[in-house]
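Undergrad: Sequence below, structure please.
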Amino acid sequence: MSTNRSEDWIDSSWIENYLTNSVRTPDRWLFIHDTSQVFPSLHALQLFDREYEVIFFEEDLRIRQSLERYKDNPEPSAACIVSRQSHETNLHILDYIVRSQSVEMTPQSMLEFAQPEYSWTHSVNQLWGGDFWTLFERLQAYRLNYPRSMTPAEATNLLLSTQLDTDLRANLSVREAVEIWQRMERDTNLIAWSEKYPRLFQALNLKVRAALPLMDKLEGDADFVHFLWTSYSLAQHNEDYDLFLPELFGDTIWKKYGNTPPEEIWNACPQLIRSDPERVIDQIRQTEIWLTQDQQRLELFQRWVGLDAANLGKTIEYVKKEILFCVPVREALRLLAAQLCHFPESLEAGEIHEIIENIQRQHLFQANTVDYLRIKDVFRAFTDLVALNQLITRIEHKSLAERDWRRIQKQAALNPDKIEDVTDWGYQTDLSKLELMAAELEQLNFQCDFLPAPVIGEVLGRVKGLIDEYNIEFAQRIATSFPTWTVSNRDKPLLTVDFLDTLFLPRYQQYLQEKSQSAYIFMFDGMRWDAWEAIKPEVLSTFQGQLALDGVFPLVSILPSTTAYNKYAIFTGEFPSGDADNDWEAVLIPAFQKRRIHGVRWIGDSGNNQAEMLALIEAEDVAVKVFNFTFIDQKLQGATQNLSTVYEEVKANFERLVQPYLERVPSDSLIFLISDRGFIESTDSQGFSEEVLQMSSGATHHQRYIDLATPPTDTDLGHFVFFSAEQIGLQPADGASHYGFATGRTQVLSEKRYVHGGVSIQEMLIPCVVFVPTAKGQLEMFPLQ
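TA: Residues are numbered from 1 along each chain as shown. Next up, the predicted model:
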């Protein structure tokens, strides 16, 4: 017989066999007393080669009407009366009962019929109807574990075992007791069952409490909750913990629970943590409220577990092991984080790894859905601080300032065409991560109130100083080498003006062999390297298995590092004239036609032209499709927020505005994701001198550069670099024969936080990401990290 879940499964022949076995001789009428309501909803029975109509006794008048036709019927018709009423109520139809063969149907009798070699006690008759049939086969299975004759206590254990599907013959272990305790409080089916069978549930409750003697105290007295978890935590960190308990708890709690056997605590707490973490989390929160209500008590507890500003070794050992409490762990992490900010290499890497492993994987509150005390943000802030500190150290170790730049500069002066010796762009990825990680840490620190502003300011100051140091060197390299880059026959560095002929055209000729294939150029205004890092996971997950990553190529923006100049350079392969405005759209198609590429179209995302954008994505007769997205630049125009906040919006807009289009690109396509220039966060408003302003061409000042009519006499490399128009590849126009560019974080106009147009790594070093058809590319897959 299969496992049962309701009476619908019941084979009527089994019931008929049971009744046939229970009635010695056949009779015209059969009366079944079914007080446990286990008789199924059958309409007829086949007994002794005779069909019995089943009539349920619900009220006297109705059953008399049903049976009246049998009374004087000469035909030997048969009826089976089924009553679920009490014996007293059955007296109302006594005249029918005395004329019938009577059978009492109970769970006990039916089980003994199913297992004739085993006897049952009347305890099983507590089960009713559907509950009995649900457990019918399980009852028989568990019955095999008991003697042929059982006691009422064994019968109770058996009934509980079948309901819980757990063998309860032996005493419960602490783990089993905790798990059952949890189910008794949270399992809705078990709670409903307990309401129907209170005596059985009471027996289960007593069995659990016998295995968990602390249960009554935990449920009934908050003082014991404080005692239990405070004692357990102290014991994990101080072998002499019991000496401190009287002073910590005071007379009231110590007198009540000071004699609690330690082994009860050691047995119960680990099992509670493993089996019922939600309850433990709630009790830890209660305990910490109690601890923090008295500052002296909190200080005693923290000192005794090992939290000590004067002994960071003890603090480290504490936070490596503590998995329960949050207030002292938060304070310990603050001490260690401050130490890292003051003395970055003062903590050993192995110790830091163990701390992070504990707070990320072992601490109970890491998995808590309710962010108590923002402790998960505190854990993340410490982890991010460690990662940022490691990145700073790595960059410092290969800092440009630590190299012998005099030798390189001398070599560049002797041989300015030897570009590879003066353009090592390998640090741009680290630098882009550095600034964004610092911004994210600053924002997170503010949200969770982790470290005071002066302390976190130390590490942020290191970041700023390191980037500024690189930018000083970068400005010097641009001042020295950029004029040679605009005229020399070179392979690198690649400028934006090299995109069309050096990156695009060779791949277009290599990978696009069919008329049905297209090249897609996705242009993102203002996407600097860290913006690419922010959207990279979404891009890679979209193209995974569809396209091959050919490479991420660093490009150097031409000067001025603005959208108009660099889009012109990107889409024409030429330096613009000095009066470049927004005419790149007009020259784009002729530039491709000049290279014998026809069928070129471009479109900009206006926010309400999704249909046109999708139509171009899917168009079959367009060889090159250019899509221009401006949401990054638009966000930066008036942004005043922290960089991490800006990029959260950038990522959200990318998923909303760009991702749907990327997903529709055919897998045999050639794809370029490219930027025109970057930007820099300006913190230093520095104006041009009056002498420089007098040499101005009269044009409006830009954020980071100025047009000059005559050469400057003051070339202050601390804030500005100057070039003639010819030196940066431009033609003099509108009286502008020279240009002055702000360096570092300087800006001429101070209204905006994020600016561009000048000379810095963040503005000029931009990514060009290339994907090629998988079937023809060198790579078949690429990492998502």
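
Undergrad: right, and the helix or strand after the lowest-mean-pLDDT helix or strand in the chain?
TA: Among the helices and strands of the chain, helix 405-414 carries the lowest confidence by mean pLDDT, DSSP states H and E, at a mean of 45. Toward the C-terminal end, the helix or strand that comes next after helix 405-414 (DSSP states H and E) is helix 428-448.

Undergrad: Show me what that next one packs onto, helices and strands only.
TA: helix 375-397, helix 453-485, helix 529-543, helix 643-657, helix 761-764 (3 or more Cβ pairs under 8 Å, 6 or more residues apart in numbering; DSSP states H and E). (Each C-beta comes from the backbone N, C-alpha and C, glycine too.)

Undergrad: could you dump these to JSON lines with mean pLDDT, mean neighbour count and distance to residue 324?
TA: Converted to JSON lines, the helices and strands packed on helix 428-448 look like this (pLDDT from 0 to 100; neighbours: other Cβ atoms under 10 Å; distance: least, Cβ to Cβ, whole Å):
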{"stretch": "helix 375-397", "mean pLDDT": "93", "mean neighbour count": "19", "distance to residue 324": "11"}
{"stretch": "helix 453-485", "mean pLDDT": "91", "mean neighbour count": "18", "distance to residue 324": "27"}
{"stretch": "helix 529-543", "mean pLDDT": "94", "mean neighbour count": "19", "distance to residue 324": "34"}
{"stretch": "helix 643-657", "mean pLDDT": "95", "mean neighbour count": "17", "distance to residue 324": "31"}
{"stretch": "helix 761-764", "mean pLDDT": "94", "mean neighbour count": "27", "distance to residue 324": "44"}
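
Undergrad: looking at those helices, which is closest to residue 703?
TA: Taking Cβ to Cβ as the criterion, helix 761-764 is the member of the helices and strands packed on helix 428-448 that comes nearest to residue 703, at 10.3 Å.

Undergrad: Which strands and helices lie in contact with the closest one?
TA: Here helix 761-764 is seen to pack against helix 428-448, helix 453-485, strand 680-681 when contacts are counted using 3+ Cβ pairs under 8 Å, 6+ apart.

Undergrad: Could I get the average pLDDT for stretch 555-569?
TA: The predicted model assigns stretch 555-569 a mean pLDDT of 94.

Undergrad: roughly how far is it from the heart of the chain?
TA: Here the centre of mass of C-alpha atoms in stretch 555-569, compared against the chain's by Cα atoms, centre = their mean, to the nearest Å, lies 38 Å away.

Undergrad: Residue 595: which of the helices and strands packed on helix 761-764 is closest?
TA: With respect to residue 595, and counting by Cβ to Cβ, the nearest of the helices and strands packed on helix 761-764 is helix 453-485 at 22.2 Å.

Undergrad: Report the angle between that closest one and helix 375-397.
TA: Between the axes of helix 453-485 and helix 375-397, defined by axes from the mean of the first three to the mean of the last three Cα atoms, to 10 degrees, the angle is 40 degrees.

Undergrad: Next secondary structure after helix 453-485?
TA: Downstream of helix 453-485, the first helix or strand assigned by DSSP H and E is helix 505-511.
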